[in-house]
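Undergrad: Pasting the sequence and the predicted coordinates here, then a few questions.
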Amino acid sequence: MASLTRDEALAQVRARPKNPLAWFDLGMILALEDEDAKARDCFERALALDPHLEEAREALELLDSPAIPEPPPLNIPPVAPTRGMQPSD
């Protein structure tokens, strides 16, 4: 995928609807935009056109993997300045 915009990827799919890489590119853009259901459809279409397109299979596996949870915020208490130091140091 060579830095396509969403509109360019859609145009690519419209121009070549039987090209699995066009569907894969659109799926990648949609996945980056957190449109997982639409991305999944694109990857599945790509695989229907080319069952050996490993990139599409791997992308589907990533969509199916559990998301990595955000770590909890750190609760670090403020540190009092040490003797001899000014608060602005």
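TA: That came through fine.

Undergrad: contacts, neighbours, all on C-alpha from now
TA: Fine.

Undergrad: Find the nearest non-adjacent residue to A39, please.
TA: Closest residue in space to A39, ignoring its immediate chain neighbours: G27 at 4.1 Å, by CA to CA, 6 or more residues apart in numbering.

Undergrad: I'd like the distance between the one you found and E61.
TA: Using CA to CA, to the nearest Å, we find G27 at a distance of 13 Å from E61.

Undergrad: Which parts of this structure are helices?
TA: All helices of the chain, identified by DSSP state H, fall at 6-15, 20-32, 36-49, 54-64.

Undergrad: Could you identify which of these is most buried?
TA: Each of the helices of the chain was scored by mean neighbour count; the highest is helix 20-32, a mean of 23, by mean count of other CA atoms under 10 Å.

Undergrad: Next, the angle helix 6-15 makes with that helix.
TA: 150 degrees (axes from the mean of the first three to the mean of the last three CA atoms, to 10 degrees).

Undergrad: who's in contact with D41?
TA: Counting by CA atoms under 8 Å, 6 or more residues apart in numbering, D41 makes contact with G27.

Undergrad: for this protein, where's the lowest mean pLDDT among helices and strands?
TA: helix 54-64 (a mean of 94; mean pLDDT, DSSP states H and E).

Undergrad: Give me the angle between that one and helix 20-32.
TA: Interaxial angle, helix 54-64 versus helix 20-32 (the same axes, to 10 degrees): 20 degrees.

Undergrad: how close does the most centrally placed residue in the chain get to P20?
TA: The centroid of the chain falls nearest to L32 when counting by CA atoms, centre = their mean (3.4 Å). L32 is 18 Å from P20, where distance means CA to CA.

Undergrad: next one: E44
TA: Distance, E44 to P20, using CA to CA: 10 Å.

Undergrad: Ok, E35 next?
TA: Distance from E35 to P20, by CA to CA: 19 Å.
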